[in-house]
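>>> Got a predicted structure here, sequence first:
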Amino acid sequence: MKIWLSIYLFIFGISTFTAQTIDKEKLFEYYETQRYADADQYLQSIYPEDTKDIKALTQMAYCYMMSGKLQEAEINYIKVSAVEPNNIPVLFSLANINSRRGNGTKAKTYLLQIIQLDSLNFNAYRQLAGFGDTAEARLNYLKKANTLNRTDPDVAYDLSAVYRELKQYQQAYDVLKTAIDADEGNFTLQLAQLPLANQLGKYKEVIETGEKLIKEKADANVINEMGQAYFYLKEYQKCAAVFKTLEDLGIQNEGTLYYMALSYRELKEYDKATDYAKKTIEEGISAHTAIYYTALGGIYEQKEQFSNALETYKRGLTFKNSNAIYYRLGLLCDFNLKQPKNAITYYNLYLKNKPDPEREKEQIAYAKTRLASLTSPKELAVK
């Protein structure tokens, strides 16, 4: 209701000259129904193109901005700012427009101008934090905004995230606690606080808060934090049970499996502990690890560090039987290390590993050619 009253007063506050010709009820209807493009066209039909009427320019700038014509909006707001350089609402609009257009530098300039005019402007500090290049820069603006309003949930959340990034866990926790005390039903803030409570050893609090959050939504992050808390409280059966729910949902990870292995070990259920230790290792190995070793081995080859290349390729095979590695080892032993018997072994392993007959047609043919050459009586006699 207040916003429409403000718009109504804004419209009826136009100059005496335009009050003779403008249909204020029509313009208010456009605003009320959010038909800003229509309002924009209507205003252009009323005001001359070169008008210097501040209220007229402000109205048109607002309509341009709300209808997505950001360049035109900026031009009109700049005209207003040239006459009223300390107009804070106009400066905010210019900052907003430049932010939406991806010009962070200009947006930040307008926001800095605002805090020069009003050093206690909460919204300016909050928005400036979004343009901080480093955690430290974001921290300074967010701390100031938080000082001005300690219960604002968005600022508390963002400030806590920066503190956590800087490993200042107690400060992060305290900021969220103040905001949560003011809004105990804010589950977003409580969810952000859970890992911090775990980090600070507040395990019983994690369980208590987690049980409350789980009633609202079975969030995997909440379950994960609760599982860790149960482990550190030495409630190993509950820890294993909680993490088992994640495994049943197929959203386990290296960490959750690790805690299960340790819990079963503490419970002296050694078979389960062994199984989950193995699962932890498997989960920790990337499906692409062998590919990374292949790339590294190729680099060693290019540097003519053939022994390093050999060891790197072999290391890659401990993660996965790789056609590419078998083929590269065959070539390496064949031509660079002059180890024909090893070359034969790796060429054979390459072919036995069933390479794709279409994608690796040329490699298959070449491996067969080299095998025929290396195993021929004449070649063997020479070797």
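It's in.

>>> Can you point out the buried residues in stretch 345-364?
For stretch 345-364, burial by neighbour count (16 or more other C-beta atoms under 10 Å) applies to Y346, Y347, L349, Y350, L351, P355, E360, Q363, I364. Where C-beta positions appear, they are placed from N, C-alpha and C, glycine not excepted.

>>> swap that for stretch 299-311, sorry
In stretch 299-311, counting by 16+ other C-beta under 10 Å, buried: Y300, E301, F306, A309, L310.

>>> Pull the most distant pair out of those residues.
Greatest spatial distance in the buried residues of stretch 299-311: E301 and L310, 9.4 Å, computed using C-beta to C-beta.

>>> Identify the contacts common to these two.
L332 (C-beta atoms under 8 Å, 6 or more residues apart in numbering).

>>> on that earlier part again, Serialize the buried residues of stretch 299-311 to CSV and add fields for distance to A372.
Converted to CSV, those look like this (distance: C-beta to C-beta, whole Å):
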residue, distance to A372
Y300, 29
E301, 24
F306, 24
A309, 25
L310, 24
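
>>> what would those look like in TSV with distance to L191, pLDDT and secondary structure?
As requested, the buried residues of stretch 299-311 are exported to TSV (distance: C-beta to C-beta, whole Å; pLDDT from 0 to 100; DSSP: H, G, I helix; E, B strand; the rest coil):
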residue	distance to L191	pLDDT	secondary structure
Y300	46	93	helix
E301	49	94	helix
F306	53	96	helix
A309	48	95	helix
L310	50	96	helix
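
>>> roughly how far out does stretch 130-150 sit from the chain middle?
Distance, stretch centre to chain centre, for stretch 130-150: 19 Å (C-alpha atoms, centre = their mean, to the nearest Å).

>>> Check which residues of the strand or helix carrying T280 are buried.
Taking DSSP states H and E as the definition, one finds T280 inside helix 270-284. By neighbour count with 16+ other C-beta under 10 Å, helix 270-284 contains the buried residues A273, Y276, A277, K279, T280, E283.

>>> name the helices or strands packed onto that helix?
Judged by 3 or more C-beta pairs under 8 Å, 6 or more residues apart in numbering; DSSP states H and E, the packing partners of helix 270-284 are helix 254-266.

>>> Need the contact partners of the helix it packs on.
224, 227-228, 231, 234, 236-237, 239-240, 243-244, 246-247, 270, 272-273, 276-277, 279-280, 283-284.

>>> In CSV, please show the C-alpha coordinates belonging to it.
Only the C-alpha atoms of helix 254-266 are listed here, as CSV (Å, rounded to 0.1, in the frame of the first residue of the first chain):
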residue,chain,number,x,y,z
GLU,A,254,34.3,-39.9,0.3
GLY,A,255,33.8,-38.1,3.7
THR,A,256,30.5,-39.8,4.6
LEU,A,257,31.9,-43.2,3.7
TYR,A,258,35.1,-42.5,5.8
TYR,A,259,33.0,-41.7,8.9
MET,A,260,31.1,-44.9,8.4
ALA,A,261,34.3,-46.9,8.2
LEU,A,262,35.6,-45.3,11.4
SER,A,263,32.2,-45.8,13.2
TYR,A,264,32.1,-49.5,12.4
ARG,A,265,35.7,-49.8,13.5
GLU,A,266,34.8,-48.3,16.8
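
>>> got the buried residues for that helix?
For helix 254-266, by 16+ other C-beta under 10 Å, it's T256, L257, Y258, Y259, M260, A261, L262, S263, Y264, R265.

>>> Y125 and A137 touch, don't they?
No. Using C-beta atoms under 8 Å, Y125 is not in contact with A137, being 12.0 Å away.

>>> Domain map for this structure?
Listed domain ranges for the chain are 1-102+110-118, 296-382 (source: automatic domain parsing).

>>> what pLDDT, on average, does the first one get?
If you average the pLDDT over domain 1-102+110-118, you get 82.

>>> What of stretch 369-383?
On average, stretch 369-383 scores 74.

>>> helix or strand right after the helix or strand where V162 lies?
Applying DSSP H and E as the criterion places V162 in helix 153-165. As assigned by DSSP H and E, the chain's next helix or strand after helix 153-165 is helix 169-182.

>>> Also compute the angle for that following helix relative to helix 153-165, please.
Counting by axes from the mean of the first three to the mean of the last three C-alpha atoms, to 10 degrees, helix 169-182 lies at 160 degrees to helix 153-165.

>>> Pull the distance from helix 169-182 to the chain's centre.
Using C-alpha atoms, centre = their mean, the offset of helix 169-182 from its chain centre is 23 Å.

>>> C-alpha coordinates for that helix, PDB please?
Output in PDB follows, covering the C-alpha atoms of helix 169-182 (Å, rounded to 0.1, in the frame of the first residue of the first chain):
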ATOM      1  CA  TYR A 169      34.800 -19.500  12.500                       C
ATOM      2  CA  GLN A 170      33.800 -17.900  15.900                       C
ATOM      3  CA  GLN A 171      33.000 -14.600  14.300                       C
ATOM      4  CA  ALA A 172      31.000 -16.300  11.600                       C
ATOM      5  CA  TYR A 173      29.000 -18.200  14.200                       C
ATOM      6  CA  ASP A 174      28.400 -15.100  16.300                       C
ATOM      7  CA  VAL A 175      27.100 -13.000  13.400                       C
ATOM      8  CA  LEU A 176      24.600 -15.700  12.500                       C
ATOM      9  CA  LYS A 177      23.500 -16.200  16.100                       C
ATOM     10  CA  THR A 178      22.500 -12.600  16.500                       C
ATOM     11  CA  ALA A 179      20.400 -12.700  13.300                       C
ATOM     12  CA  ILE A 180      18.900 -16.100  14.300                       C
ATOM     13  CA  ASP A 181      18.000 -14.800  17.700                       C
ATOM     14  CA  ALA A 182      16.000 -12.100  16.000                       C
END
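
>>> Pull out the buried positions in that helix.
Neighbour-count burial for helix 169-182 [16+ other C-beta under 10 Å]: Y169, Q171, A172, Y173, V175, L176, K177, A179, I180.
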